[in-house]
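**Q** Give the three-dimensional model of this entry:
(2 chains)
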Amino acid sequence: MDLLWLLTRKEITLQYKRTSLGILWSLLNPLLLALIYYIAFIVILKIPKKDFPLFLLAALFPWTWFANSVNASTVSMIANRSLIKKFPFPKHFLLTAGVFSQGVHFLLSLPIIAVLIYFYGKTAHAVWLLAIPLLLFIQFIMTIGVSLAVSVINVYFMDFQFIVAFLLNMFFWMTPILYQLDTIPDPYRFLSLYINPLTPLMSSWRELFMSNKIHWNWMIIAFLSSLVVFFAGLIIFRRLSSRLDEVL
Amino acid sequence: MNQSVIAFDHVWKKYPLLKDRPGFKEFFVNFHKSFKKRREGNNYFYALKDLTLKIQRGGCVGVIGKNGAGKSTFLSLMLGTILPSRGTVMVKDRVTPLLELGAGFHPDLTGRENVVLNGVLLGLTKEDVLRKMPSIIDFSEIEDFADVPVRTYSSGMYLRLAFSVAIHTDPEIFIIDEVLSVGDEGFQKKSRDAILRLIKSGVTTVLVSHNLQVIEELCTRALWLDHGEVVAEGEPGMVIEKYREEIIAPRQKTSL
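**A** Modelled structure (predicted):
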């Protein structure tokens, strides 16, 4: 447990180690991102939807947590080769620490969402106290599942990291982040909801921040699919990691 | 005392011969061939072949052999960073490695931060490491640099700190790979004394070294590996003599 905590802290501190603003970047990064989207969609494209920045960021921030974690996990085994070869410790700690540290950055971006919510004349709600931990848990399970799979596969096929980058991009557009779930035409909407586990998850986050509601249907679909993803990832990890030392 | 803490039972370790890493393209192009290859099964290199041995608690075993004889594979199997391809490896006590010193160090973390991370990787709790911090820093003789990133260290300082962490982790089984010559002469003596103290205090030690004299001095038993197999084992003087006769003598002749 000490080790997991230390590895997480190492990830977080190292990211900003030699910068002057330090962890403030975790706040500044999403803020600047929000500004870009505001200019692009409200100022330039003149989208009629006034609360579009909130609408967007409510799904984009959790997506960023997912995407950054998966990106980091893909190269995690190779980046930490010397640790893996010289010390006997559970390899999945490296992935868990990565997902945790990205999760901390995500939590640090939540105040920006809170500010936007007040800006658009809404308020936070007690339901957050229940929903946020639930959604954090579901997303953690899902992310770690994907991370487990991609981290070992990439050791055997280094080409895989480029495929992962492409898939992440594809899923970004396949998941209702820039648009609403309702805008997907009918038959595909259900496909997206049931086949892409990120759809119900990101939609749940948005539903929570936009209307202070827990959409139990989406939440349950997200939870069940996160379990599927997790166990699939675990099986792949188990099968491939026993021979990992031979190719690493 | 005579309880065996390490037991290898018919252990084999093979590695695929990675001439060129097969990518996706080759994988698909050679899809039909890949099954054939697998059946032929001769694309492997055997690092250890049918190794069976036991090590008693409190002993010091010296491992000798040429480069590529399987010594490091043997150590890694004990450490648990690699798994045997066949056979079983049983290790009862906690293993502390002294392999590549400073392998776990991160250049951007300070000396102290690296000590904590390394100590925990070696199996201590965080409190343990913090409690031992003063003596770790003291032993490594880097007091003034404990709080600066290790990337600014000289290579000697780096190695001294890494050695100091390992020696302070209360090892139960200590495995050492060719790292007895760390730092300047003063520190070399100090580190050798520290290892000697550990051996005398009854810590099981497995030592890989090309320095035959060191093995003869420190060890109670020696093991000679060649091409993954045990050539000789037993009393260090006897094993080393055989080794000298067979390996070193002919080489000297040819070089003349």
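**Q** Name the residues of chain A found near chain B, please.
**A** A:2-3, A:5-7, A:10, A:13-14, A:17-18, A:82-89, A:157-160, A:242, A:245-247 (Cβ under 8 Å from any Cβ of the partner chain). Backbone N, C-alpha and C define where each C-beta goes, glycine included.
**Q** Next up, identify which helix or strand residue A:122 is on.
**A** Residue A:122 belongs to no helix or strand when assigned by DSSP states H and E.
**Q** Tell me where the model's unsure across chain B.
**A** Along chain B, the parts satisfying pLDDT under 70 run over B:1-2, B:18-42, B:179-181, B:251-256.
**Q** All the strands of it, residue numbers only.
**A** Assigned by DSSP state E, the strands in chain B fall at B:4-16, B:44-56, B:60-64, B:86-91, B:95-98, B:173-177, B:204-208, B:221-226, B:229-234.
**Q** helices or strands up against the first one?
**A** In terms of contacts (3 or more Cβ pairs under 8 Å, 6 or more residues apart in numbering or on different chains; DSSP states H and E), strand B:4-16 is packed against helix A:244-247, strand B:44-56, helix B:71-79, strand B:86-91, strand B:204-208.
**Q** Kindly report the same for the fifth one.
**A** In terms of contact count using 3+ Cβ pairs under 8 Å, 6+ apart, strand B:95-98 is assigned the packing partners helix B:71-79, helix B:155-167, strand B:173-177.
**Q** Could you give the separation of the lengthiest helix in chain A from the chain centroid?
**A** Counting by DSSP state H, the longest helix found in chain A is helix A:127-156. Centroid displacement of helix A:127-156 relative to its chain, using Cα atoms, centre = their mean, to the nearest Å, is 7 Å.
**Q** Also stretch A:19-30?
**A** 19 Å.
**Q** Tell me the span between the first and last residue of that stretch.
**A** Stretch A:19-30 has its terminal residues 17 Å apart, counting by Cα to Cα, to the nearest Å.
**Q** buried sites along it?
**A** Under the neighbour-count criterion of 16 or more other Cβ atoms under 10 Å in any protein chain shown, stretch A:19-30 has A:25, A:26, A:30 buried.
**Q** Out of those, which comes closest to chain B?
**A** Using Cβ to the nearest Cβ, residue A:25 comes nearest to chain B of these, at 15.7 Å.
**Q** ok, the spatially most central residue of chain A - contacts?
**A** With distances taken as Cα atoms, centre = their mean, residue A:66 lies nearest the centre of chain A, 1.6 Å away. By Cβ atoms under 8 Å, 6 or more residues apart in numbering or on different chains, the contact set of residue A:66 is A:139, A:142, A:143, A:146, A:198.
**Q** ok, now which ones touch the first one?
**A** For residue A:139, the set of contacting residues under the criterion of Cβ under 8 Å, 6+ apart consists of A:62, A:65, A:66, A:201, A:226.
**Q** Could you do the third one as well?
**A** The contact partners of residue A:143, taken as Cβ under 8 Å, 6+ apart, are A:65, A:66, A:69, A:70, A:99.
**Q** Kind regards, and thank you for your time.
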